[in-house]
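Trainee: Starting from these lines, generate the structure:
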Amino acid sequence: MDKQKQSSPLESTGVSRRQFVGGFAATAATITVVPRHVLGGPNQKAPSDKINIACVGVGGKGFSDSRAMKEENVIALCDVDEVRATAPHGDEKVTIPDLFPKAKWYKDFREMLEKEKDIEAITVSTPDHTHAVIAMAAIKMGKHVFVQKPLTHTVYEARALREAAQEAGVITQMGNQGHAEEGGRLVNEWIWQGAIGDVTEVHVWTNRPVWPQGMVAPKEIPSVPPTLDWNLWLGPAAWRPYHPDYAPFSWRGWWDFGTGALGDMGAHILDHAYWPLKLKYPTRVQASSTPFTEDSPPMSEIVTYDFPEREGMPPVTMTWYDGGLKAPRPSDLEPGRRMGDGGGGVLFIGTKGKLMCGTYGRNPRLIPETFMKEVGKPEQTIPRSPGIHEEWLEAIRTGKKELATTSFDYSGPLTETMMLGNVAVQVADKNMHLEYDGETGKITNLPEANDLLHMEYRDGWTL
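Mentor: Here you go, the predicted structure:
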């Protein structure tokens, strides 16, 4: 495919979106009514309604994030691997170039942000270790930002992004799509309406990882694929030679690039304990795990978090399990009935009963079934979502930040909690709970553990 720089649809007319909107406002006095179909065609957005979007990382998960922007004005695309970025997807073998034939292509997001002055918002769907540097660069330029889960690679990055977004006043969203689904809202409504009483214990588990972990870095130095810019893929991470064990898939299983099963699925499953229980920062964290290395996380782990009283809710202990481990089976769960679903689940233990759901908060049920029949479905009190991407786009269009339900104000502390679990795993041999001060973002009883709250960036990379 020819990736020569091409003009965006509005550029080809010599009119930017801002000029279009401003010009329309200036002539409004002479135009009494402009039917929507005149500007946008039947069932289409008018050009003035479309947001100028750039998508960073369009291969893999980035394909669906980019495709979700197809009704907007996608003016730029960025990926460090041109083959992966343009690969066909799905039964219809659709490609990103098919969807956005007029968008300009870049390998370096920094060049893209510098040259494409009309960008209003970006999506970030890269490996975990580059989320923060890309998002921060955009936020500092006043761009709205959508970042795939987990929001960041470290505790420090999560806090820094949240604070920067607040200061810049931009619209943000993390891409944990289950947050927008029906199941999560039912869980919230049952708990907030007191169906299971006060919750003092919650268990969360996943079947991940489904990639190798607990490894040492490979010694071989194979050739870098000719279409991949390995230096840009590494981004802020310490230099190491390319190896297919890192990219394009298994990077989640390396400390320098991914965040393990907890970072991968915590944003999808932990979210459905974190949200209804109105959690923010844990005060204590403790972990145990199978063996791991300085290069790679363990294959299985258990992480326990203690949260204080908040908003009228009592203190609660939340326990995370992965790698095939899961919560103890409740005695009143019917024989033969599965815990959660095949991917994981959440189990709430309340003073009046129990509530269980699957991955992404799906298929929530009170248990046992006799209790479910007695209580029934909760009253609907939470607005339903049009989708995780749609929330963000509508918030940008209207300026109503509250429409983005997993903005960095919410997903920042959630990500901090997840990443604290990874820190607890790495210092488990100290045989102690970590005491955490959420206001300062510091571990107070093991000062050396604070070194694990962030990573040292390579020269030339910064937040």
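Trainee: Can you mark which positions in stretch 246-256 are buried?
Mentor: Under the neighbour-count criterion of 16 or more other C-beta atoms under 10 Å, stretch 246-256 has Tyr246, Ala247, Ser250, Trp251, Arg252, Gly253, Trp254, Trp255, Asp256 buried. To be clear about C-beta, it is placed using only N, CA and C from the backbone, and glycine gets the same treatment.
Trainee: brain fart, stretch 386-401
Mentor: Quick answer for stretch 386-401 (16+ other C-beta under 10 Å): Ile388, His389, Glu391, Trp392, Leu393, Ala395, Ile396.
Trainee: Give me the mean pLDDT for that stretch.
Mentor: Stretch 386-401 carries an average pLDDT of 98.
Trainee: neighbours around the residue lying closest to Cys55 once chain neighbours are set aside, how many?
Mentor: Among residues not flanking Cys55 along the chain, Ser66 sits closest, at 4.2 Å (C-beta to C-beta, 6 or more residues apart in numbering). Neighbour count of Ser66, defined by other C-beta atoms under 10 Å: 26.
Trainee: give me every residue that touches Ser66.
Mentor: By C-beta atoms under 8 Å, 6 or more residues apart in numbering, Ser66 lies in contact with Cys55, Val58, Val74, Leu77, Ile96, Leu99, Phe100, Thr123, Ser125.
Trainee: Of the residues you listed, which belong to strands?
Mentor: Cys55, Val74, Leu77, Thr123 (DSSP state E).
Trainee: what sits opposite the first one in the beta ladder?
Mentor: This points to Cys55. Beta bridges link Cys55 to Leu77, Thr123 when assigned by DSSP bridges.
Trainee: in terms of contact, does it touch Thr126 like I think?
Mentor: No: the criterion here is C-beta atoms under 8 Å, and Cys55 misses it with Thr126 at 10.5 Å.
Trainee: what do the two both touch?
Mentor: Counting by C-beta under 8 Å, 6+ apart, the residues touching both Cys55 and Thr126 are Gly62.
Trainee: before we move on, back to that, right, and the secondary structure at the residue nearest to Cys55 would be what?
Mentor: helix (DSSP: H, G, I helix; E, B strand; the rest coil).
Trainee: try Leu232
Mentor: helix.
Trainee: Just give me the neighbour total for the nearest residue to it once chain neighbours are set aside.
Mentor: Closest residue to Leu232 apart from its sequence neighbours, by C-beta to C-beta, 6+ apart: Val80 at 4.4 Å. When neighbours are defined as other C-beta under 10 Å, Val80 has 26 of them.
Trainee: Please apply the same query to Gly214.
Mentor: 18.
Trainee: What distance do you get for it to Gly194?
Mentor: Applying C-beta to C-beta, to the nearest Å, the value for Gly214 to Gly194 is 43 Å.
Trainee: Same question for Asp332.
Mentor: In terms of C-beta to C-beta, Asp332 sits 19 Å off from Gly194.
Trainee: tell me the pLDDT at the residue positioned nearest the centre of the chain?
Mentor: The chain has Lys149 as the residue nearest its centroid, 1.9 Å off, counting by C-alpha atoms, centre = their mean. For Lys149, the model assigns a pLDDT of 98.
Trainee: What of Asp341?
Mentor: 96.
Trainee: who's in contact with it?
Mentor: Gly358, Thr359, Arg362, Asn363.
Trainee: picking that back up, dump the residue contacts of the residue nearest to the centre of the chain.
Mentor: Counting by C-beta under 8 Å, 6+ apart, Lys149 has contacts Met174, Gly175, Asn176, Asp264, Ala267, His268, Ser411.
Trainee: contacting residues around the first one?
Mentor: Okay, so that is Met174. Contacts of Met174 by C-beta under 8 Å, 6+ apart are 146-151, 267, 406-408, 411, 414-415.
Trainee: Out of these, name the ones that lie in strands.
Mentor: With DSSP E as the criterion, strands contain Phe146, Val147, Gln148 from among the contacts of Met174.
Trainee: Poorly predicted segments of the stretch 151-300 of the chain, please.
Mentor: Across the stretch 151-300 of the chain, nothing is flagged by pLDDT under 70.
Trainee: ranges for the strands of it?
Mentor: All strands of the stretch 151-300 of the chain, identified by DSSP state E, counting those that start in this stretch, fall at 172-175, 199-206, 284-289.
Trainee: one step back: reformat the buried residues of stretch 386-401 as JSON lines; add secondary structure.
Mentor: Formatted as JSON lines, those follow (three-state DSSP):
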{"residue": "Ile388", "secondary structure": "helix"}
{"residue": "His389", "secondary structure": "helix"}
{"residue": "Glu391", "secondary structure": "helix"}
{"residue": "Trp392", "secondary structure": "helix"}
{"residue": "Leu393", "secondary structure": "helix"}
{"residue": "Ala395", "secondary structure": "helix"}
{"residue": "Ile396", "secondary structure": "helix"}
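Trainee: Tell me which helix or strand His131 sits in.
Mentor: In this structure, His131 is located in helix 128-140 according to DSSP states H and E.
Trainee: Show me what counts as buried in stretch 280-300.
Mentor: Across stretch 280-300, burial judged by 16+ other C-beta under 10 Å covers 280-287, 289, 292, 295-300.
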